[in-house]
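Asker: 3D model of this:
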Amino acid sequence: MAITALPVVSDQKFLRDLLPEVAELEGECKKDERAYSIARQATEGDHHQVAQMYAERRVRWSEDMIEEVRQANLREEWAWHVYLCTCDVGNVFGSDKLPIFVFTSGPVGLRRIDLPFGEFLERFGMLNVSVARALRYAVWDMNPEWDQRPVKPQQQKKGEEDPGE
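Answerer: Now for the predicted structure:
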């Protein structure tokens with residue numbers, strides 16, 4: 001069978017199901033009013049893009065010391081995960097009352113956030129920390145190699161809370 005270069009896409013994931021804090025933020029609401037995300041598996045190109053964050057590295061040598069400087073941080077890496085692999089977000093709005101992200105058109109698995117990364121970071125930065133974390137979790141559920149939750153969902157005991165970060 002031939003291999004087709006189309007990524008696997010998640011079902012619609014309600015953010016309240018990923019983090020109880022989001023359910024508290026939303027309160028009681030109809031199912032069609034709940035915040036959701038659709039994510040896809042990362043492609044090789046996505047992995048390359050994330051790896052580029054760590055490509056700039058300077059090492060300084062002196063007689064008694066070696067200093068290494070990297071130009072990346074963990075939260076930026078997490079933001080790249082959401083930026084690259086989120087195909088749709090619904091019922092999440094910015095302070096301007098507009099949908100938090102705009103997406104390209106086309107089949108859901110091929111949609112991308114239609115903003116330059118800097119503008120995406122501004123919009124992503126408006127979010128409540130729990131909502132941003134739930135969006136990451138939706139992406140990480142599709143990309144377990146990126147998952148940096150302290151306790152993975154499959155390791156968590158029923159009824160036990162996620163310690164967060």
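Asker: Assign a three-state SS to Ala132, would you?
Answerer: helix (DSSP: H, G, I helix; E, B strand; the rest coil).
Asker: tell me the contacts of it?
Answerer: For Ala132, the contact set (CB atoms under 8 Å, 6 or more residues apart in numbering) comprises Val82, Phe124. Any C-beta I mention is one placed from the backbone N, CA and C, and that applies to glycine too.
Asker: now swap in the one 5 residues further on and tell me
Answerer: By CB under 8 Å, 6+ apart, the residues touching Tyr137 are Leu18, Leu19, Arg149.
Asker: tell me the mean pLDDT for the helix or strand containing it?
Answerer: Assigning secondary structure by DSSP states H and E places Tyr137 in helix 129-142. Model confidence over helix 129-142 averages 97 on the pLDDT scale.
Asker: could I have that helix exported to CSV, CA atoms only?
Answerer: This file holds the C-alpha atoms of helix 129-142, laid out as CSV (Å, rounded to 0.1, in the frame of the first residue of the first chain):
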residue,chain,number,x,y,z
VAL,A,129,-2.8,29.8,31.8
SER,A,130,-5.1,26.8,32.1
VAL,A,131,-6.6,27.3,28.6
ALA,A,132,-3.1,27.5,27.1
ARG,A,133,-2.1,24.4,29.0
ALA,A,134,-5.2,22.5,27.7
LEU,A,135,-4.3,23.5,24.1
ARG,A,136,-0.8,22.1,24.6
TYR,A,137,-2.3,18.9,26.1
ALA,A,138,-4.6,18.5,23.0
VAL,A,139,-1.4,18.7,20.8
TRP,A,140,0.6,16.5,23.1
ASP,A,141,-2.1,13.8,23.1
MET,A,142,-1.4,13.5,19.3
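Asker: Quick check: buried residues in that helix?
Answerer: For helix 129-142, the neighbour count (16 or more other CB atoms under 10 Å) marks 130-142 as buried.
Asker: quick revisit: now flag whichever of the contacts of Tyr137 is closest to Gln71.
Answerer: Ranking those by separation from Gln71, with CB to CB as the measure, puts Arg149 on top at 25.3 Å.
Asker: Okay then, goodbye and thanks.
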